[in-house]
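In: sequence below, structure please.
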Amino acid sequence: MKKLPVFVVVLLLSVVSFAQSPCGHYHGETYERSRGEEHVYVANDEQVQAIVSYIKTLSFDDKKMAAAKLCVRICPVPLSCLEKIVKEFAFDDNRLEFLKYAYTYSPYKRDYYVLGNSLTFSSNKDKFYDFLNHKNKH
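Out: Take a look at the predicted model:
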């Protein structure tokens, strides 16, 4: 049986036990899922540090991408923390891909545009803002 990375165990334990101790700080934000609105619990600073530390140990962007996607799917992270994760990718195209993916799980859609500054190339920034414009039309 394959062992789970430490950050996954930390996040899973946090999410499983959020009835007693929410997965991070409760910000009172809501966002829509397929069935109405629900409260969102986001990763706290300790959990984000564990995520970033683990991602730093990975050598290639494809491994970093898989780990980062798993993290935001399990427990969303604040925008400032998303920026820390994005900085770990070597290639700007991968940063863009991750930001687009993470948008689905972000309770901070209204302010998501600030993450455009974490992209290096203006062409990717344009693609990012086009993506946000398209998402916000629906």
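
In: let me see the ranges of the helices in this protein.
Out: Using DSSP state H, the helices of the chain run over 6-16, 45-57, 61-74, 79-86, 92-103, 122-137.

In: and the ones you listed: which comes nearest residue 114?
Out: helix 79-86 (6.2 Å; Cβ to Cβ). (C-beta placed from N, C-alpha, C; glycine too.)

In: any regions of this structure where pLDDT drops low?
Out: Residue ranges of the chain with pLDDT under 70: 1-40, 138.

In: which residue is nearest the centroid of it?
Out: residue 72 (3.9 Å; Cα atoms, centre = their mean).

In: was I right about residue 69 contacting residue 98?
Out: Yes. Because the distance of 7.2 Å satisfies Cβ atoms under 8 Å, residue 69 is recorded as touching residue 98.

In: where's the residue nearest to residue 108 when sequence neighbours are not counted relative to residue 47, distance?
Out: Counting by Cβ to Cβ, 6 or more residues apart in numbering, residue 108 lies nearest to residue 79, which is 5.1 Å off, once chain neighbours are set aside. Distance, residue 79 to residue 47, using Cβ to Cβ, to the nearest Å: 15 Å.

In: more neighbours, these two?
Out: Using other Cβ atoms under 10 Å as the criterion, residue 79 and residue 47 rank with residue 47 on top: 23 against 18.

In: could you check how far that one is from residue 41?
Out: With Cβ to Cβ as the criterion, residue 47 and residue 41 are 11 Å apart.

In: burial measure for the nearest residue to residue 136 once chain neighbours are set aside, as a count.
Out: Distance criterion Cβ to Cβ, 6+ apart; nearest residue to residue 136, sequence neighbours excluded, is residue 109 at 7.8 Å. Using other Cβ under 10 Å, residue 109 has 15 other residues around it.

In: what of residue 60?
Out: By other Cβ under 10 Å, 10 other residues sit near residue 60.

In: residue 67 versus that one, what's the distance?
Out: For residue 60, the distance to residue 67 - Cβ to Cβ - is 11 Å.

In: right, I'll call it a day here.
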